[in-house]
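Student: Okay, structure incoming, though there's no sequence with it:
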């Protein structure tokens, strides 16, 4: 099975493919839960979820004591919502997708997924693919959202077709559209303010240059410094992009990262995917957290508690954001015209990666 897509969705697509190709004719019994679990090396719970959703969508029917069958008269799969995210299979993305799917399936909609890997050409492929489908709405996590977007004309085409488009995690600069996002300026502010309250004045920052969240978190970082009368030193700021992330935080760049942090007592780090790499580099050099360096990250993913260092972090709403996005999409489908903006409030989760400044 594909690594970047939830397993239950892959199983759904597999069964639908068999039905559409008449390999599972209408009225025929589908393989048992045990057979499907064994075939794909997944849990029965995962199988059950896929089958349950196909039953709710009218593709399958169940008969007590007999099993599950392909419906002779399936419901139309016309109520389809396209969902495009930068990544699918890991980090915070399965939770977001789960929240979207939960609400939409309860309201008679199915979702079709696309993944951009934060690349414009893949975003275009996803959009062109959905152009060919009869979708009722489109939920999109923006790709390289701090940069001019070369695919705007495709979004305009969806709107010309009266297909509502909802952006997650911000929207494209200069493009008026509905969006739902966490208040990343506030997130950067409370992360930095926490370190200042612990006595830190030499606070480094690592931010992403091609996503708007990185700019917003940096804005919050600046605001906290300004309010406390602390000057910002350019040498304590590091920017990275999607395409140089692996190089800048790989083992070969360990000395560069250590040199960057040499004059700092603390760090505000863009997300936990980067933070875990920084922690590994620091510990390989025999340095300790938070004694040598206090660290605040963002998202509160599984990575935040994956190592001995449990990260203080600004929690991303994850599944809740997905739920709110789906509810907003349903509202947009019902009400038609209008631009909607939903801003979600971040929360700081304090763990053991931060402490009072030494000395």
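Tutor: That came through fine. The model shown is predicted, which means the values in this text are computed figures rather than measured ones.

Student: And residue 182, how close does it get to residue 156?
Tutor: Going from residue 182 to residue 156 by CB to CB, to the nearest Å gives 26 Å. Heads up, the C-betas are built off the backbone N, CA and C, glycines and all.

Student: Looking at the two, which is more packed in?
Tutor: Between residue 182 and residue 156, counting by other CB atoms under 10 Å, residue 182 is the more crowded of the two (25 against 12).

Student: Skipping adjacent residues, who's closest to the more buried one in space?
Tutor: Of all residues beyond its chain neighbours, the one nearest residue 182 is residue 344 (4.9 Å), with distances taken as CB to CB, 6 or more residues apart in numbering.

Student: ok, that neighbour touching residue 181?
Tutor: Yes - using CB atoms under 8 Å, residue 344 is in contact with residue 181, at 7.0 Å.

Student: Mind checking which of the two has more residues around it?
Tutor: Set side by side, residue 344 and residue 181 show more neighbours around residue 181, with 23 against 15, by other CB under 10 Å.

Student: how about that one, phi and psi?
Tutor: With angles defined as degrees, to the nearest 10, residue 181 sits at phi -160, psi 160.

Student: hang on, isn't it packed against residue 169?
Tutor: Yes - assessed by CB under 8 Å, residue 181 is found in contact with residue 169 at 5.3 Å.

Student: Buried residues, stretch 313-321. List them.
Tutor: Of the residues in stretch 313-321, 313-319, 321 count as buried by neighbour count, 16 or more other CB atoms under 10 Å.

Student: Contacts for that stretch next, please.
Tutor: 92, 95-96, 98-99, 102, 168, 180, 182, 187, 190-191, 272, 296-301, 304, 324, 344, 346-349, 351 (CB atoms under 8 Å, 6 or more residues apart in numbering).

Student: Now the buried members of the residues you listed.
Tutor: 92, 95-96, 98-99, 168, 180, 182, 187, 190-191, 272, 296-301, 304, 324, 346, 348-349, 351.

Student: List the contacts of the residue nearest to residue 182.
Tutor: Here residue 344 is in contact with 180-183, 317, 320-321, 324 (CB under 8 Å, 6+ apart).

Student: Equivalent analysis for residue 310, please.
Tutor: 304, 351-353.

Student: how about a cut-off of 6 Å?
Tutor: 351-352 (CB atoms under 6 Å, 6 or more residues apart in numbering).

Student: would you turn the contacts of residue 344 into TSV with secondary structure, pLDDT and distance to residue 57?
Tutor: Listed next are the contacts of residue 344 as TSV, based on DSSP: H, G, I helix; E, B strand; the rest coil; pLDDT from 0 to 100; distance: CB to CB, whole Å:
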residue	secondary structure	pLDDT	distance to residue 57
180	strand	97	25
181	strand	97	30
182	strand	97	31
183	coil	98	35
317	coil	96	27
320	helix	97	24
321	helix	97	24
324	helix	98	23
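
Student: how much space between the most centrally placed residue in the chain and residue 231?
Tutor: Closest to where the C-alpha atoms of the chain average out (CA atoms, centre = their mean) is residue 93, at 3.7 Å. As for residue 93, its distance to residue 231 is 37 Å (criterion: CB to CB).

Student: What is the distance between stretch 176-187 and the centre of its chain?
Tutor: 14 Å (CA atoms, centre = their mean, to the nearest Å).

Student: Look at that stretch and report the distance between its end residues.
Tutor: 24 Å (CA to CA, to the nearest Å).

Student: where's the residue nearest to residue 285 when sequence neighbours are not counted, which helix or strand?
Tutor: Spatial nearest neighbour of residue 285, excluding adjacent residues (CB to CB, 6+ apart): residue 258 at 5.6 Å. Per DSSP states H and E, residue 258 falls inside helix 254-261.

Student: Would you indicate which residues of that helix are buried?
Tutor: For helix 254-261, by 16+ other CB under 10 Å, it's 254, 257, 260-261.

Student: do the same with stretch 111-121
Tutor: For stretch 111-121, by 16+ other CB under 10 Å, it's 111-116, 118.

Student: What about these, which are in strands?
Tutor: 111-115 (DSSP state E).

Student: For the stretch 201-350 of the chain, which segments are assigned as helices?
Tutor: 212-227, 245-248, 254-261, 272-284, 319-335 (DSSP state H, counting those that start in this stretch).

Student: All set now, cheers.
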